[in-house]
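Asker: give me the fold of what follows.
(one chain, ligands or ions: 1)
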Amino acid sequence: MSFTRELRQQADRIFQAIYDHPFVRGIADGTLKKEQLIHYVKQDFEYLNAFMRIYGIAISKSRTREEIEMFNEQINFVLHSEVHPHNNFCRVAGVTYEELQGFPLAPSAHHYIRHMLTVAHEGSLGEIVSALLPCPWTYIEIGQRLLEEVKPDESHPFYDWIDFYGGGMSDLTERFCRYVDDWAEHVTEAERLRMREHFLLSCQLEYMFWDMAFREEEWPVAMDLGSEAMGRN
Ligand SMILES: Cc1ncc(C[n+]2csc(CCO)c2C)c(N)n1
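Answerer: Model prediction:
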């Protein structure tokens, strides 16, 4: 069995828990509250900014033009395509995308971003792609399963979201899997173990991210950065 097949099996309970999570159920039946959608988009906008920076670090560690091209393509994808599912959530919530940008990170989004940044700074390219892989892999499975389960038509409030992730992420997931499998063949057992740990922790943090949005998670004690922090973007 390939290394990434093994990873997928090890993460099976987390993938299932993500699919069963009330936020994902709320996408399926269109029952999410406006505040939950807004919290998700505010946090995910910052998450995607961090994701692009991590691709930048991966480019700085790249040895071949193929690697640079792979990461560069993904920066463009996040910049220009990932805005569509966000716009779907904003439309349903009745707000503009611009008014949800520049907010501080909630605890679980902070945790997930710091995990990826730590691996990006300290790890090999194989470790970095292992930590990033649950991002497309969990979303494509959610999208594909929702397409099958809900069979949404254009009258469904989250038709665009489901169609976006169910329709088009398989190339990226396969490409990342091939990269991780090739890498895993040529490294030590200790590095393979780190790749496994990074992958599984990112799967857990994908779950936490949905849970954060559903619960509208905030810091237990509100942080006051003072008036100078207002409008820093
Ligand atoms: C928390 C969180 N996890 C995954 C995605 C989905 N996603 C984000 S970037 C990307 C492609 C990267 O090249 C994909 C599939 C998201 N939006 N938010």
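Asker: how about low-confidence regions in the chain?
Answerer: Low-confidence regions of the chain, defined by pLDDT under 70, span residues 227-233.
Asker: which residue ranges of it form helices?
Answerer: 3-10, 12-20, 22-29, 34-60, 65-80, 83-93, 107-122, 125-132, 134-150, 159-168, 170-185, 189-215 (DSSP state H).
Asker: those: which one's closest to L100?
Answerer: Proximity to L100, assessed across the helices of the chain by C-beta to C-beta, is greatest for helix 34-60 (4.7 Å). All C-beta atoms are positioned from the backbone trio N, CA, C, and that covers glycine.
Asker: how about the residues of the protein near the ligand?
Answerer: The chain comes close to the ligand at residues 44, 47-48, 51, 74, 77-78, 82, 135-136, 139, 169, 172, 206, 209, as judged by C-beta under 6 Å from any ligand atom.
Asker: picking that back up, just name the most buried of the helices of the chain.
Answerer: Each of the helices of the chain was assessed for mean neighbour count using mean count of other C-beta atoms under 10 Å. The highest is helix 125-132, with a mean of 25.
Asker: just the residues of the chain next to the ligand now: which is nearest M1?
Answerer: Taking C-beta to C-beta as the measure, P136 is the one of the residues of the chain next to the ligand closest to M1, at 20.7 Å.
Asker: I figured the closest one was touching R175, is that so?
Answerer: No. With contact defined as C-beta atoms under 8 Å, P136 and R175 do not form a contacting pair (9.2 Å).
Asker: list residues touching both of the two?
Answerer: Jointly contacting P136 and R175 under the rule C-beta atoms under 8 Å, 6 or more residues apart in numbering is no residue at all.
Asker: M208 - nearest residue in space that isn't next to it in sequence?
Answerer: Closest residue in space to M208, ignoring its immediate chain neighbours: S108 at 4.2 Å, by C-beta to C-beta, 6 or more residues apart in numbering.
Asker: OK, contacts around that neighbour?
Answerer: For S108, the contacting residues are 205, 208-209, 211-212, 217, by C-beta under 8 Å, 6+ apart.
Asker: where's the spatially most central residue of the chain relative to D181, distance?
Answerer: Most central in the chain under C-alpha atoms, centre = their mean is C135, positioned 3.8 Å from the mean C-alpha point. For C135, the distance to D181 under the criterion C-beta to C-beta, to the nearest Å works out to 18 Å.
Asker: please report the distance of the residue nearest to Q101 when sequence neighbours are not counted from T64.
Answerer: The spatially closest residue to Q101, leaving aside those adjacent along the chain, is F45, at 5.3 Å (C-beta to C-beta, 6+ apart). Summarising the geometry, the distance separating F45 from T64, computed by C-beta to C-beta, is 31 Å.
Asker: cool, and H186?
Answerer: As for H186, its distance to T64 is 14 Å (criterion: C-beta to C-beta).
Asker: same check on V83?
Answerer: According to C-beta to C-beta, V83 and T64 sit 30 Å apart.
Asker: ditto for M116
Answerer: On the measure of C-beta to C-beta, M116 and T64 end up 22 Å apart.
Asker: now do E46
Answerer: The gap separating E46 from T64 is 31 Å, by C-beta to C-beta.
Asker: do Y19 as well
Answerer: The span separating Y19 from T64 equals 36 Å under the rule C-beta to C-beta.
Asker: cool, and S124?
Answerer: Taken as C-beta to C-beta, the span from S124 to T64 is 14 Å.
Asker: in terms of neighbours, single out the busier of the two.
Answerer: Under the neighbour definition other C-beta atoms under 10 Å, S124 and T64 were set side by side, and S124 has more, 15 against 8.
Asker: alright, calling it a day.
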